[in-house]
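**Q** I need the structure of the sequence given here:
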Amino acid sequence: MPDEKTDQHRAATNRLDDKSWFGIARLGAESTNALAISSGLLGILYGAACTSLGISAPLAALSSLLVFSGAVQFAALPLLGEPLALGAIAVSTLLICNRIILMRVQLVA
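**A** Residues are numbered from 1 along each chain as shown. Alright, predicted model coming up:
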């Protein structure tokens, strides 16, 4: 009777050896499942927060497309409905992303 671990190893090796477009796409999809699930949940939470504040769906979708950082999205959420709040959004974005810049400088040094 074949060993179950050996069969799993053989199946994983076959997936890595499959150089077709479909094989590479399948391997990529399997590798990013956790990221896709967490990003999807964050998007659902952001959409619910926008809806509760009365922000329109097109504006919420546009901010999701243009803003990379989830922390900045949630920090700017109360300011999206305000008129002329672009300066406050820009300053808060710089302050929040400043920590990432400092971490990169530390890694390079």
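
**Q** switch to C-alpha atoms for all contacts and neighbour counts from now on
**A** Will do.

**Q** got a list of contacts for stretch 33-48?
**A** 57, 60, 70, 74 (C-alpha atoms under 8 Å, 6 or more residues apart in numbering).

**Q** center of this structure, which residue is that?
**A** residue 39 (4.6 Å; C-alpha atoms, centre = their mean).

**Q** which element is that one on?
**A** helix 33-52 (DSSP states H and E).

**Q** can you give me the buried ones in that helix?
**A** For helix 33-52, burial by neighbour count (16 or more other C-alpha atoms under 10 Å) applies to 43, 46, 47, 49, 50.

**Q** where in the chain is pLDDT low?
**A** 1-19, 109 (pLDDT under 70).

**Q** which stretches in it count as helices?
**A** 4-17, 21-31, 33-52, 57-66, 70-80, 86-108 (DSSP state H).

**Q** buried ones in the fourth one, by neighbour count?
**A** When you say that, I think you mean helix 57-66. Result for helix 57-66 [16+ other C-alpha under 10 Å]: buried residues 60, 64.

**Q** repeat for the fifth one
**A** Buried positions in helix 70-80, judged by neighbour count with 16+ other C-alpha under 10 Å: 72, 73, 76, 77, 80.

**Q** which residue, other than its chain neighbours, is closest to the third one?
**A** So that's residue 76. residue 89 (5.8 Å; C-alpha to C-alpha, 6 or more residues apart in numbering).

**Q** what's the separation between residue 83 and residue 89?
**A** 11 Å (C-alpha to C-alpha, to the nearest Å).

**Q** who has more neighbours, those two?
**A** Neighbours per residue, other C-alpha atoms under 10 Å: of residue 83 and residue 89, the larger number sits with residue 89, 19 against 7.

**Q** in CSV: the buried residues of helix 33-52, plus distance to residue 64.
**A** Listed next are these as CSV, based on distance: C-alpha to C-alpha, whole Å:
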residue, distance to residue 64
43, 8
46, 9
47, 9
49, 13
50, 11
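
**Q** for those residues, which one is nearest residue 28?
**A** Using C-alpha to C-alpha, residue 43 is the member of these that lies nearest residue 28, at 21.2 Å.

**Q** please report how far that closest one lies from residue 29.
**A** 19 Å.
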